[in-house]
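J.: Following is a predicted model, sequence given first.
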Amino acid sequence: RLTVYITSGGIDFNSSVTLDNPTTLTTSGGDISFAGTLNSTSAPAKNLTLNAGTGAITFSQAVGAVSALADVLLEADALTISAALNGTGDLTIRPHTAGRSIGINATGDLNLSATEWGFIQNGWNSLNLDGNSGASTISFGNLSVADPLHVTTTASGLINLLGTLSASGNASISFNGPMALSGAINTTNQNITLNGPLALSGNLSLSSGSANTSLLNTVASQGSNRNHTITSTGNTNLGAVVGGTLALGNLSLSSGTISTASAITTTGNQTYTGTFDLSSDLTAGGTLTFNSPVTLSGNSALTAADIVFGAALNADVLGRDLTLTTTSGNINLATVGNSTRLGNFSLSSAGNINFGVTTAATISAVAGGDITLGGNLTAHGSGPSLLLRVGDDLLAASSSLNAPSGRWLVYAPTFTGMNLAGLSAFSKL
């Protein structure tokens, strides 16, 4: 192992260099520059640590073109890359001075242009941008990566995306720290993990192919109500409140499975395509649409202009309560509680309520318009366990109401096609 520490001045290599041992070069603020090529001995690849303090690190010729380096740590307040940078280990870039910003094809104190970033070759185990324990802002413009990218800043720093981040090959994306994101992050079947408070500074789309997308902290709009789209065939996990401090505009999630841990609020539509594990409250100023089966894993309240369940709704265990409220439109249901019935199921609609076959402990439905029974309604609770209050018509051809342990009550101005035959609870009215 070679360790060199210079207390005054810099370190300049004017010809080609080969690392025979793991090497650490440190200055107290002087520049470190390589005018010629830099390579590792062929086996095993050697680690390189460069710390120029408040100075600069410069690579004028190719690094690792003949024999790639292993782990490389570059710490300085400025960095210049003018030729290919090859390695097989972890590449870490960070400023020395606390709070100094990083800009990758974007404004920053430690700045790499799109051309300079493009010199970082495919084959690294990971690419790491690190605020180095300071309140650093790390900004990206349009950018492409081919290796896993990890970006880390402190709670007083910021990760700032201003364009499209495109990841190919095995490149996953991991952001750790507060974020202000606008644009898009796209991977090729690799995970996207955002671990920190996320402010949508513009509309944001995330696409991870067959991999997973995880938003582990709060998500809110910044400035105005922003649209957010997540697309994958893997899993999407929203781990905290969405739209809390400032609601999102429209939210669209299309994924193999979807799970939420806390409330979601939008001023526009919420659209969910993928098996949904629902355990939180959802509020939408527009239409709330579920295109795939929903499993109720906790008590939930859903409020929207319109609510549409396009597939089956079931509880994970008996006793889960669900409240549906529409402020101006309708509630449309498919099958409810067919495999595992709900607990207390309460519906209030300014417009119509359209039921499919529905089973719960109690069912209470109040509609300003019609209530249409597209299948039998069964409430297993005691007492008045099934209540329908209809503003206009009750449309119930070839359907029935069942309250085997209690009774049902219907309040309606008119009855059209109501099938009362065989209702065991009818005598208890």
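T.: Ah, there it is. Numbers count the residues shown, from 1 in each chain.
J.: Please make it C-alpha for all contacts and neighbour counts, starting now.
T.: Will do.
J.: Show me what L342 is bridged to.
T.: Beta-bridge pairing of L342 under DSSP bridges involves A360.
J.: Wait, it touches S300, no?
T.: No - using CA atoms under 8 Å, L342 is not in contact with S300; the gap is 11.2 Å.
J.: residues shared between the contacts of these two?
T.: Taking CA atoms under 8 Å, 6 or more residues apart in numbering as the criterion, L342 and S300 both touch 321-322.
J.: So those two - more neighbours on which side?
T.: Comparing L342 with S300 by other CA atoms under 10 Å, the one with more neighbours is L342, at 28 against 17.
J.: quick one: pLDDT of the more buried one?
T.: On the pLDDT scale, L342 is placed at 98.
J.: Make sure A199 is actually in contact with L161.
T.: No - counting by CA under 8 Å, A199 sits too far from L161 to count as a contact (10.6 Å).
J.: Show me which of the two is the more surrounded one.
T.: In this view A199 and L161 are compared by other CA under 10 Å, and L161 has more residues nearby, 26 against 22.
J.: gap between the host helix or strand of T378 and the chain center?
T.: Taking DSSP states H and E as the definition, T378 sits inside strand 377-379. Mean-position distance between strand 377-379 and its chain equals 37 Å (CA atoms, centre = their mean, to the nearest Å).
J.: Give me the buried positions along whichever helix or strand comes after it.
T.: Secondary structure here is assigned by DSSP H and E; on that basis, the next helix or strand after strand 377-379 toward the C-terminus is strand 383-390. With burial defined by 16 or more other CA atoms under 10 Å, the residues of strand 383-390 counted as buried are 384-390.
J.: count of neighbours near the residue lying closest to I120 once chain neighbours are set aside?
T.: Closest residue to I120 in three dimensions, ignoring its sequence neighbours and counting by CA to CA, 6 or more residues apart in numbering: L85, at 4.8 Å. Burial of L85, expressed as a neighbour count using other CA under 10 Å, amounts to 25.
J.: in the sheet, who's paired with L85?
T.: The partner residues for L85, given DSSP bridges, come to V63, I120.
J.: ok, it - contacts?
T.: The contact partners of L85, taken as CA under 8 Å, 6+ apart, are 62-65, 119-121.
J.: Of those - the most surrounded one?
T.: Neighbours here mean other CA under 10 Å. Within the contacts of L85, the largest count is held by V63, at 29 neighbours.
J.: List the beta-bridge partners for the residue nearest the centre of the chain.
T.: When the chain is reduced to its mean C-alpha position, the closest residue under CA atoms, centre = their mean turns out to be L215, at 3.7 Å. Counting by DSSP bridges, L215 forms beta bridges with L194, L238.
J.: does it really touch N237, like I thought?
T.: Yes - distance between L215 and N237: 6.2 Å, which falls inside the contact criterion (CA under 8 Å).
J.: And for the strand holding T378, what's in contact with it?
T.: 357-363, 385-386, 399-404.
J.: Need the residues that contact stretch 187-200.
T.: 166-182, 206-222, 226.
J.: Please indicate which of these are buried?
T.: 166-168, 170-182, 206-222, 226.
J.: circling back: pull the most distant pair out of the contacts of strand 377-379.
T.: A361 and S399 (18.6 Å; CA to CA).
J.: before we move on, back to that, in CSV: the buried residues of strand 383-390, plus pLDDT.
T.: Converted to CSV, the buried residues of strand 383-390 look like this (pLDDT from 0 to 100):
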residue, pLDDT
P384, 89
S385, 93
L386, 94
L387, 94
L388, 93
R389, 93
V390, 91
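J.: In TSV: those, plus distance to G30.
T.: Below are the buried residues of strand 383-390 laid out as TSV (distance: CA to CA, whole Å):
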residue	distance to G30
P384	82
S385	80
L386	80
L387	80
L388	80
R389	80
V390	81
